[in-house]
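Enquirer: following is a predicted model, sequence given first.
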Number of protein chains: 2
Amino acid sequence: MERRNTPTKQAVLELLVKSGKAMSREAIEKEITQNINRATIYRVLNRFCEDDVLHRIVAEDGKQYFAVCVNCYDKVLSGHHFHFRCVKCDTIECLPIAVEFSISNSYQVDNVNCVLSGTCKDCSV
Amino acid sequence: MERRNTPTKQAVLELLVKSGKAMSREAIEKEITQNINRATIYRVLNRFCEDDVLHRIVAEDGKQYFAVCVNCYDKVLSGHHFHFRCVKCDTIECLPIAVEFSISNSYQVDNVNCVLSGTCKDCSV
DNA sequence: TAATTATTGCGAATAAATCGCATTTACATG
DNA sequence: CATGTAAATGCGATTTATTCGCAATAATTA
């Protein structure tokens, strides 16, 4: 299953890069200029996640958010990091704060999902 | 809106106390002996959350889980703590591991939701 | 015992995410 | 440059979690 380059994929990725935050399917559909089918957006996002281009965060609203996380190249962010979900502007940003914990090795940890939520600095005025 | 004591509420709470873990509506409905309507279970759970009898965790599967968190009286657990979701037995347990972070006070943090997931110690054999 | 109103059951409604299938399109190859 | 193959897309239907409206039931208090 080789990947092909399409205007749709480019547009989604560009939007996410430009926003610098994690966005939901809904937010993407709202902000993107071209008309892209809902199911297609999900498929594009899922493929990007498989290819490690995006990462997926599930917030306490139960919805999925997707982020390029440009800053993941940072040391702090290369591992697991906290996310902040602003309930006002409905975006999630990657925080440069590492998630640290130590747990018995009888547990096998496959995934880490840490989301703080509230009002972000841009909306708190 | 005063609360009334009903067999339904008792049964749900007893089950959660006995299990000692966080359970989804689905798991509750499966394990509870009496017949309780789906919508009612949700309402009972939501009311318990309002009354701080239960707390709600949203896992990366996007579903809600509810826990009595008996150990919340512990010092470590009285604040925010990590949760562990086992993908095999579909339960979530409160871990005695505090969530620690320091964030600019230009962010207003209202909620913390941290879930590790993988295989729990009981299922990892 | 009766009155008040919280609680429940039932069915429909919402909403996120996925799926099947026919159609379109990217792209490698001749 | 034409063309075949499979990836990608659009559309509509489906699945699943959660909530809602409303009528019926039941807990509590007087």
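Expert: Arrived safely, thanks for sending. Numbering: from 1, shown residues only, chains lettered A, B, ... in the order given.
Enquirer: measure how buried residue A:111 is and give me the count.
Expert: Using other CB atoms under 10 Å in any protein chain shown, residue A:111 has 15 neighbouring residues. In short, each C-beta sits where N, CA and C put it, glycine included.
Enquirer: if I pick it, what's in contact with it?
Expert: Residue A:111 is in contact with B:60, B:116, B:117, B:118, counting by CB atoms under 8 Å, 6 or more residues apart in numbering or on different chains.
Enquirer: mind doing that once more with 7 Å?
Expert: Shown in contact with residue A:111 (CB atoms under 7 Å, 6 or more residues apart in numbering or on different chains): B:60, B:117, B:118.
Enquirer: tell me what it is bridged to.
Expert: Counting by DSSP bridges, residue A:111 forms beta bridges with residue B:117.
Enquirer: repeat for residue A:81
Expert: With DSSP bridges as the rule, residue A:81 is bridged to residue A:98.
Enquirer: now the contacts of residue A:111 as a markdown table including neighbour count and pLDDT?
Expert: Supplementary listing: the contacts of residue A:111 in a markdown table, determined by neighbours: other CB atoms under 10 Å in any protein chain shown; pLDDT from 0 to 100:
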| residue | neighbour count | pLDDT |
| --- | --- | --- |
| B:60 | 19 | 89 |
| B:117 | 21 | 90 |
| B:118 | 18 | 90 |
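Enquirer: between these, which is closest to residue B:30?
Expert: For those, the residue nearest residue B:30 by CB to CB is residue B:117; the value is 20.1 Å.
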